[in-house]
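K.L.:
what follows is a predicted structure for the sequence shown.
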Amino acid sequence: MNKKIFIVEDDADLSEAIQLILKEEGYDTAAYFDKNSIKGVILQMPDLVLVDNKLKDGYGSELCLTIKNHPLTSHIPVIMISGYENLAAIATACGADAYLNKPFEMAELLETVDKHLKHYV
């Protein structure tokens, strides 16, 4: 069974590009555009979540904190992706497992995703 990755990114073009790359690598993906996607995370239990920090309805760091504080989802790796200068501090504060500063190379994204899915049981 393929690993499922949720992408929470409000830039439709970037979200689509990430989905294409991940699908080529054999991952199943689902795209969301707002921080209220916690319902989808709980219902579908993805293997990993990629989340942008700046979303149309709030901050991805809030979603990350919710995922990490919920007993059913706290084990799911979360990778923050953003152009924020202080992304490292934001990622640490919300409990993210990793972060990537935008713009990032797709190879860097794949490497980070693969690394965190290998540790996921």
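P.N.:
Sure, I can see it.

K.L.:
helices and strands around the host helix or strand of Thr29, which ones?
P.N.:
For Thr29, the enclosing helix or strand under DSSP states H and E is strand 28-32. With contacts defined as 3 or more CB pairs under 8 Å, 6 or more residues apart in numbering; DSSP states H and E, the packing partners of strand 28-32 are strand 4-8, helix 12-24, helix 38-44. Just so you know, the C-beta spots here come from the backbone N, C-alpha and C atoms, and that holds for glycine as well.

K.L.:
just the mean pLDDT for that strand, thanks.
P.N.:
Strand 28-32 carries an average pLDDT of 93.

K.L.:
in its sheet, what does it sit against?
P.N.:
Paired strands of strand 28-32, with direction, are strand 4-8 (parallel) (DSSP bridges).

K.L.:
so the partner strand versus helix 12-24, what angle?
P.N.:
Per axes from the mean of the first three to the mean of the last three CA atoms, to 10 degrees, the angle that strand 4-8 makes with helix 12-24 is 170 degrees.

K.L.:
quick check: the residue nearest to the spatial centre of the chain vs Ala98, distance?
P.N.:
Computing the C-alpha centroid of the chain and ranking residues by CA atoms, centre = their mean puts Leu50 first, at 1.1 Å. From Leu50 over to Ala98 the distance is 10 Å, taken as CB to CB, to the nearest Å.

K.L.:
need the residues touching each of those two.
P.N.:
When contacts are counted by CB atoms under 8 Å, 6 or more residues apart in numbering, Leu50 and Ala98 are jointly contacted by Ile79.
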